[in-house]
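Visitor: coords please:
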Amino acid sequence: MALDDKGGVWKSGRGRGRRTPKGRQLDDAAWAEVRALLGDAPRRRDLLIEYLHLIQDRYGCLSAAHLRALAEELGTGMAEIWEVATFYAHFDPVKEGETPPPDLTIRVCDSLSCELAGSEALIAALERGMDPNRIRVLRAPCMGRCDTAPVAEIGHRHVDHATPARVEAALAAGDFHPEIPAYETLAAYRAAGGYATLARLRESGDWKQVQETVLASGLRGLGGAGFPAGRKWGFVRANPGPRYLAVNGDEGEPGTFKDRCYLERTPHLMLEGMLIAAWAVEAERCFIYMRDEYPAVLEILRREIAALEAAGIVAPGQVELRRGAGAYICGEESAMIESIEGKRGLPRQRPPYVASVGIFGRPTLVHNVETLHWVARVCREGPQILNAVEKNGRKGLRSFSVSGRVAKPGVYLLPAGSTIRDVIEAAGGMAEGHAFKAYQPGGPSSGLLPASLDDVPLDFDTLQPHGSFIGSAAVVVLSDKDSARDAALNMLRFFEAESCGQCTPCRVGCEKAVKLMQAGSWDRALLEDLCQVMADASICGLGQAAPNPIRLVMKHFPDEV
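Guide: Here you go, the predicted model:
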């Protein structure tokens, strides 16, 4: 090989020389734009998703030229950038010659609560009424606002109880930034005694004693897994440092919105709980992974983390806020860690577990938002705040996200042994004109139970004998005007759309299940075979739990299928 004296980059003995290297060429203008967006930020590979958000927010899409420039800045291959950009639903990668999306996007939630509230009619009306050259209308999975269904999002502004008229009014107003609710700031939280517990523990606390207090309270992981919260601390401490802590704020299970409600009102309870847990395991850094569907929460956390730094409660950079990009699978802890590292959110094979090999290969403590909320309260008020509450033989409190055919959807804090009848009563009873028929006790992963099972305590370990589980306590109530079959199909369509695609049983199984469920009469034997393969062979909980809606509808509502 030799240089071509006529200007070609490389010239072989035979054939024509190539004037440029293989692959996409670096565009100087796009490179300058990307460098301006990144500014003085470190060029770290794990910040890739944050930088993709900067480009998407500024230019409305991810052009191939900008992605090539970002690859140059990060010193990585274009293929790595492209595979991450195409994995997440909130990114719009655009190749050369392709038409970029319109300037404005309206996302309409089509998950179960919103479907019950009329989202299908809303989507159809918006698609008819909008100029597709100016505004695109997209279906979106749960936005965590099931209490105000149906919901639309224009840019980063949500329209609750959405109708075509409300959406038109929001478009006319022209403000597409998130609406920040009133919340307890750092100053107000400290005035009420906030962070005094953290200061005392940092000064003279014994982490084992705090661990015992948390264990005595009975607090379990409230993201859905239900693992005893304090027990994790010992597992992480047993591994050599440096250690990290990750807050799982990817509350993507349809029907769940409790974490959003807590963070939009009292964010510092979670933040203090996080710092107490970080102190207990000697975590050097904390990562808060927050779903992109919560723009108001993201802004609140940005403000309050900066306030903590200014007050000297945390060192600059000790707490990193990471923004998700529309991938339900990142609620699985190892997939979340992959995303924090700037990769596709693919669940890891286990073992090893994240307590020993987590973020950047280091021991990592992972807690849900509400779990940390209670860590702060238990350390401040004592374990009795949870273990002194007892109902139906169960101890503790549970935050139920309640939506569907109830009079007053919302988050209700009830004893852990409450039944579905107690939950419906707390939510004002059934909506007018509706009779109780069925309920989803813990998101679509928990399937659908009939009204006849109205005396089962809704808690960890009590629903498993019925083929279900409490999960994140995302309760959706159905009435005599709803179809259990249609509800199950909605759930499987969600799983089909959100499967990460890594393993065949889940990727293909969800797709085949949706097709079989659309038939006039279900092939029960074939569906059961498919469910068994998915449950036995899927890598993570998505594929393992996806059969639950199918099996429970076939069991309890056979006349519908």
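Visitor: Next up, phi/psi of Ser217, please.
Guide: phi -70, psi -20 (degrees, to the nearest 10).
Visitor: What is the neighbour count of the closest residue to it other than its chain neighbours?
Guide: Nearest non-adjacent residue to Ser217, counting by C-beta to C-beta, 6 or more residues apart in numbering: Pro383, 3.6 Å away. (Glycine included, C-beta is placed from N, CA and C.) Pro383: 17 surrounding residues under other C-beta atoms under 10 Å.
Visitor: what residues are up against Pro383?
Guide: 213-214, 216-218 (C-beta atoms under 8 Å, 6 or more residues apart in numbering).
Visitor: Please enumerate the strands of the stretch 401-550 of the chain.
Guide: For the stretch 401-550 of the chain, the strands defined by DSSP state E, counting those that start in this stretch occupy 410-415, 436-440, 449-450, 474-479.
Visitor: just the ones you listed: most buried one?
Guide: strand 474-479 (a mean of 26; mean count of other C-beta atoms under 10 Å).
Visitor: And that strand, what does it pack against?
Guide: In terms of contacts (3 or more C-beta pairs under 8 Å, 6 or more residues apart in numbering; DSSP states H and E), strand 474-479 is packed against helix 112-116, strand 397-404, helix 420-426, strand 436-440.
Visitor: With just CA atoms, put the first one into CSV.
Guide: In other words, helix 112-116. What follows is helix 112-116, C-alpha atoms only, in CSV (Å, rounded to 0.1, in the frame of the first residue of the first chain):
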residue,chain,number,x,y,z
LEU,A,112,-54.5,-0.3,30.5
SER,A,113,-55.7,2.6,32.7
CYS,A,114,-55.6,5.0,29.8
GLU,A,115,-57.3,2.5,27.4
LEU,A,116,-60.2,2.2,29.9
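Visitor: who touches stretch 446-453?
Guide: Residues from elsewhere that reach stretch 446-453 (C-beta under 8 Å, 6+ apart): 420, 436-441, 456, 463, 466-471, 474, 478, 484, 487-488, 491, 545, 548-549, 551-553, 556-557.
Visitor: Try it again at 6 Å.
Guide: Stretch 446-453 is contacted by residues 436-440, 468-469, 471, 484, 487, 548-549, 552-553, 556 when judged by C-beta atoms under 6 Å, 6 or more residues apart in numbering.
Visitor: What are the buried residues along that stretch?
Guide: 446-451, 453 (16 or more other C-beta atoms under 10 Å).
Visitor: export the residues you listed to a markdown table and tack on distance to Asp40?
Guide: Converted to a markdown table, those look like this (distance: C-beta to C-beta, whole Å):
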| residue | distance to Asp40 |
| --- | --- |
| Ser446 | 47 |
| Gly447 | 50 |
| Leu448 | 52 |
| Leu449 | 54 |
| Pro450 | 59 |
| Ala451 | 59 |
| Leu453 | 58 |
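Visitor: Compute the distance between Ala474 and Lys258, please.
Guide: Applying C-beta to C-beta, to the nearest Å, the value for Ala474 to Lys258 is 8 Å.
Visitor: Now list whatever residues contact both of the two.
Guide: Ser401.
Visitor: coming back round to it: redo the strands of the stretch 401-550 of the chain as a markdown table? Include distance to Arg139.
Guide: Shown next, in a markdown table, are the strands of the stretch 401-550 of the chain (distance: least, C-beta to C-beta, whole Å):
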| stretch | distance to Arg139 |
| --- | --- |
| strand 410-415 | 25 |
| strand 436-440 | 20 |
| strand 449-450 | 27 |
| strand 474-479 | 18 |
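Visitor: coming back round to it: give me whichever of the helices and strands packed on strand 474-479 is most buried.
Guide: Buried most deeply of the helices and strands packed on strand 474-479, by mean count of other C-beta under 10 Å, is helix 112-116, with a mean of 27.
Visitor: Following that helix in sequence, what is the next regular element?
Guide: helix 119-129 (DSSP states H and E).
Visitor: how about that next one: buried residues?
Guide: 119, 122-123, 125-126.
Visitor: Then stretch 486-502?
Guide: Those would be 486-500, 502, for stretch 486-502 by 16+ other C-beta under 10 Å.
Visitor: Show me the strands in the stretch 1-150 of the chain, by range?
Guide: Per DSSP E, counting those that start in this stretch, the stretch 1-150 of the chain carries strands over the ranges 62-63, 93-94, 104-109, 135-140.
Visitor: pLDDT of the first one, averaged?
Guide: Looking back up the chat, that one is strand 62-63. On average, the pLDDT along strand 62-63 is 98.
Visitor: same deal with stretch 315-334?
Guide: For stretch 315-334, the per-residue pLDDT averages 97.
Visitor: is it true that Pro505 touches Val533?
Guide: Yes - applying C-beta atoms under 6 Å, one finds Pro505 in contact with Val533, separated by 5.5 Å.
Visitor: Met336 in helix, strand or coil?
Guide: Here Met336 is recorded as helix under DSSP: H, G, I helix; E, B strand; the rest coil.
Visitor: So what's the residue count around it?
Guide: Met336: 28 surrounding residues under other C-beta under 10 Å.
Visitor: where does the stretch 201-350 of the chain dip in pLDDT?
Guide: Within the stretch 201-350 of the chain, no range satisfies pLDDT under 70.
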